[in-house]
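>>> make a model of this:
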Amino acid sequence: MGSVTSKDIKKYPLETLCDHDKGINCMAASEDGSLLVTGSEDKTARLWDVSGPETECIGIMKGHTSYITCVAVHDTFIVTGAADSTLRKWDTISCDCLFTYRGHKGRISRVLCTGEYILSSSQDKTTKAWHVEEEILENLKGDADDIACIKTLEGHERAVYSLMVDPGEEDDTGTIGFGDLVVTGSLDCTARSWDFVSGNCLQVFKGHTGCVVAIVTDTNSRLLYTASADKTIRSWHIDTAVNFRVFEGHKSHITCLLALNKLLYSGDGDGVVRVWDVTGRDTVKMGRQQVVSVDSLTSFRPATNTINAIHLHNGMLFIVSSDNFARAVDAATREVLAVYTGHQIAVTCMAISGEHIYTGSTDTTLRVWNIPKRRTEGEESSSSSEEESEEGED
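Down below sits the predicted model:
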């Protein structure tokens, strides 16, 4: 393993922002990259202007009665989910709470916003869809739970963690979520697909022996990939739930999964990243379908503790880890380009905007860093979200 203190790659923060009183759990950037939202153990979310030369906190969102677990930014509003079982919608200009969504009976795990609706998964074994249009919310009367709920997706036997939406084609009927396919992953070791409009469960993806922690699809949305605490990844036909392949090799629980073109990247609790080739053709044949075991193309250990997120940006993997570091790694050569040094406790989340990477930590700080230049050109540019690690090889 190479030295993490090399002067060539050791990087220090441009800014360290200590506004939160407790650890930062999550963050999200606006689509145009001008705003950043952080959610914290201190029960608040903060809005940051990241469009100028210096990062500035321009608003504090207070109202949750327990720690914030997830955030999303869409257009002119922000959505937060918390351990108090509620979601809140906030205005990006005033940071006023526009609506409080009640109805879940357990901690919120994940929140997504499509523009048509908000989707949330929870420890209460359900996923709920909520109205987001201001005109609709203003006309809702009463204090009843689920008053803004469009539908509840029920079927999982334990907490629901991972969540994704495969959007359908637009229709002329104005039906909310027409053609949308929702996929959820649960502590019950299964994933499920749902028709949004009917709320019906279409398929149950069975095979894992541990919590399904991450779900992604291929570029055509025909193959579903599920990553699990059982140390494996599985590929499935998304319409039939036929299990084509099981990707084996991790020695610890998988924490994150990233799909890009013909490759999968996965990170685990030991700080290892594995890269998988997913170009093989999977077809459904008559009779019993044999599940094929697949080993990774390569693996490397950039971190010494759990990888909490991986992003791919401009041909570089950005990795954050519980070993207190963030790192930039050349995706093609696996050369460590930067070791971001400064956090005192685990780095939990990150976002990339413009020429900067933003990291949040259990140490309560938001830190800002320069994105390094790649030492070799090649590889196409792309971006996505997941975990980080340290340097060295398996």
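
>>> got phi/psi on the closest residue to Gly103 other than its chain neighbours?
Excluding the flanking residues, the one nearest Gly103 by Cβ to Cβ, 6 or more residues apart in numbering is Asp146, at 3.8 Å. In short, each C-beta sits where N, CA and C put it, glycine included. Taking degrees, to the nearest 10, you get phi 70, psi 10 for the backbone angles of Asp146.

>>> next, count neighbours for Pro53.
6 (other Cβ atoms under 10 Å).

>>> what's the spacing between it and Glu15?
Pro53 sits at a distance of 10 Å from Glu15 (criterion: Cβ to Cβ, to the nearest Å).

>>> and Ser299, by the same measure?
In terms of Cβ to Cβ, Ser299 sits 34 Å off from Glu15.

>>> of those two, who's got more company?
Ser299 (19 against 13).

>>> beyond the helix or strand hosting the more buried one, next helix or strand please.
Taking DSSP states H and E as the definition, Ser299 sits inside strand 298-300. Next helix or strand after strand 298-300 toward the C-terminus (DSSP H and E): strand 307-313.

>>> and that next one, which strands flank it?
Here strand 307-313 is paired, per DSSP bridges, with strand 316-321 (antiparallel).

>>> just the C-alphas of the strand it pairs with, formatted as CSV.
What follows is strand 316-321 as a C-alpha-only set of coordinates in CSV (Å, rounded to 0.1, in the frame of the first residue of the first chain):
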residue,chain,number,x,y,z
MET,A,316,-11.8,9.8,-11.5
LEU,A,317,-13.4,7.9,-8.7
PHE,A,318,-14.0,10.0,-5.6
ILE,A,319,-14.3,7.9,-2.5
VAL,A,320,-15.2,8.8,1.1
SER,A,321,-14.6,6.5,4.0
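
>>> which outside residues touch that strand?
265, 267, 271, 273, 302-312, 326-331, 337, 346-350, 352, 357, 359, 371-372, 374, 387-390 (Cβ atoms under 8 Å, 6 or more residues apart in numbering).

>>> again, only this time at 6 Å
302-303, 305, 307-311, 326-329, 331, 347, 350, 357, 359, 388-389 (Cβ atoms under 6 Å, 6 or more residues apart in numbering).

>>> helix or strand right after that strand?
That would be, after strand 316-321 and using DSSP H and E, strand 326-330.

>>> counting by contacts, list what the following helix or strand past that following strand packs against.
Using DSSP H and E, the helix or strand that follows strand 326-330 in sequence is strand 336-340. Counting by 3 or more Cβ pairs under 6 Å, 6 or more residues apart in numbering; DSSP states H and E, the packing neighbours recorded for strand 336-340 are strand 10-11, strand 326-330.

>>> in its sheet, what does strand 336-340 sit against?
strand 10-11 (parallel), strand 326-330 (antiparallel).

>>> would CSV of those with mean pLDDT, mean neighbour count and distance to Asp84 be doable?
Compiled in CSV, those are given as follows (pLDDT from 0 to 100; neighbours: other Cβ atoms under 10 Å; distance: least, Cβ to Cβ, whole Å):
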stretch, mean pLDDT, mean neighbour count, distance to Asp84
strand 10-11, 95, 17, 37
strand 326-330, 97, 26, 29
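
>>> of those, which is nearest Gly280?
strand 326-330 (25.5 Å; Cβ to Cβ).

>>> quick one: contacts of that closest one?
302, 316-320, 336-340, 347, 359, 372, 388.

>>> can you tell me the closest non-neighbouring residue to Lys151?
Nearest non-adjacent residue to Lys151 (Cβ to Cβ, 6+ apart): Gly199, at 4.5 Å.

>>> can you give me the buried ones in stretch 334-351?
Residues of stretch 334-351 classed as buried: 334-343, 346-351 (neighbour count, 16 or more other Cβ atoms under 10 Å).

>>> tell me which two in those residues are the farthest apart.
Glu335 and Thr348 (25.3 Å).

>>> what ranges of the stretch 251-394 of the chain fall below the confidence cut-off?
281-290, 375-394 (pLDDT under 70).

>>> could you redo the last one with a cut-off of 80?
280-290, 374-394 (pLDDT under 80).

>>> and the end-to-end length of stretch 102-110?
15 Å (Cα to Cα, to the nearest Å).

>>> check which helix or strand Ile60 maps to.
Ile60 belongs to strand 56-61 when assigned by DSSP H and E.

>>> which among the helices and strands packed on strand 336-340 is found nearest to Val160?
Of the helices and strands packed on strand 336-340, nearest to Val160 by Cβ to Cβ is strand 326-330, at 28.6 Å.

>>> can you give me how far that closest one is from the chain middle?
How far strand 326-330 lies from its chain's middle: 18 Å, per Cα atoms, centre = their mean, to the nearest Å.

>>> what's the helix or strand Arg88 falls within packed up against?
Under the criterion of DSSP H and E, Arg88 resides in strand 87-91. Strand 87-91 is packed against strand 77-82, strand 97-101, with contacts defined by 3+ Cβ pairs under 6 Å, 6+ apart.

>>> and the closest residue to Ala326 other than its chain neighbours, what does it touch?
Excluding the flanking residues, the one nearest Ala326 by Cβ to Cβ, 6+ apart is Tyr340, at 3.9 Å. Contact analysis of Tyr340 by Cβ under 6 Å, 6+ apart lists Lys11, Ala326, Trp369.
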